[in-house]
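Asks: Pasting the sequence and the predicted coordinates here, then a few questions.
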Amino acid sequence: ARVGVRAHIQHLKVYASLDALVQRRVDPRLGYVMRGEAPLVTQLTGRWNADPEYGSKIAAFLHLLYESVGLM
């Protein structure tokens, strides 16, 4: 399970950033991702997930989460 979590985190980092991974790459598919192509969560639509509303749904969820803890 830890490797799966690490793979997800590494994928998100590669999509969002040009920075190198700190730990060893755990998923060989990372080589097919264009680094830094989705620095905003809304830009994950069509990349991370095929749902055309994916980025908007994640942004709305984050907004609710931040509101629930008084950050917005």
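Replies: Here it is on my side, so go on. Numbering: from 1, shown residues only.

Asks: Quickly find the element holding the most centrally placed residue in the chain.
Replies: Centroid-nearest residue in the chain, with Cα atoms, centre = their mean: Leu12, separated by 3.2 Å. Using DSSP states H and E, Leu12 maps to helix 2-16.

Asks: Which residues does that helix contact?
Replies: 19, 21, 23, 25-27, 30, 33, 35-39, 43-44, 47-48 (Cβ atoms under 8 Å, 6 or more residues apart in numbering). (C-beta placed from N, C-alpha, C; glycine too.)

Asks: Which of these are buried, as a ChimeraX select command?
Replies: The ChimeraX command for the buried members of those (criterion: 16 or more other Cβ atoms under 10 Å) is given here:
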select :26,27,30,33,38,44,48
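
Asks: hang on, the earlier thing: in the following helix or strand past the helix holding Leu12, what's buried?
Replies: As assigned by DSSP H and E, the chain's next helix or strand after helix 2-16 is helix 54-68. For helix 54-68, a neighbour-count test (16+ other Cβ under 10 Å) marks 54-55, 58 as buried.

Asks: mind checking pLDDT for the spatially closest residue to Pro39 that is not a sequence neighbour?
Replies: Using Cβ to Cβ, 6 or more residues apart in numbering and skipping the chain neighbours, the partner closest in space to Pro39 is Ala16 (5.1 Å). Predicted confidence (pLDDT) for Ala16: 96.

Asks: Kindly report the same for His8.
Replies: Reading off the model, His8 has pLDDT 94.
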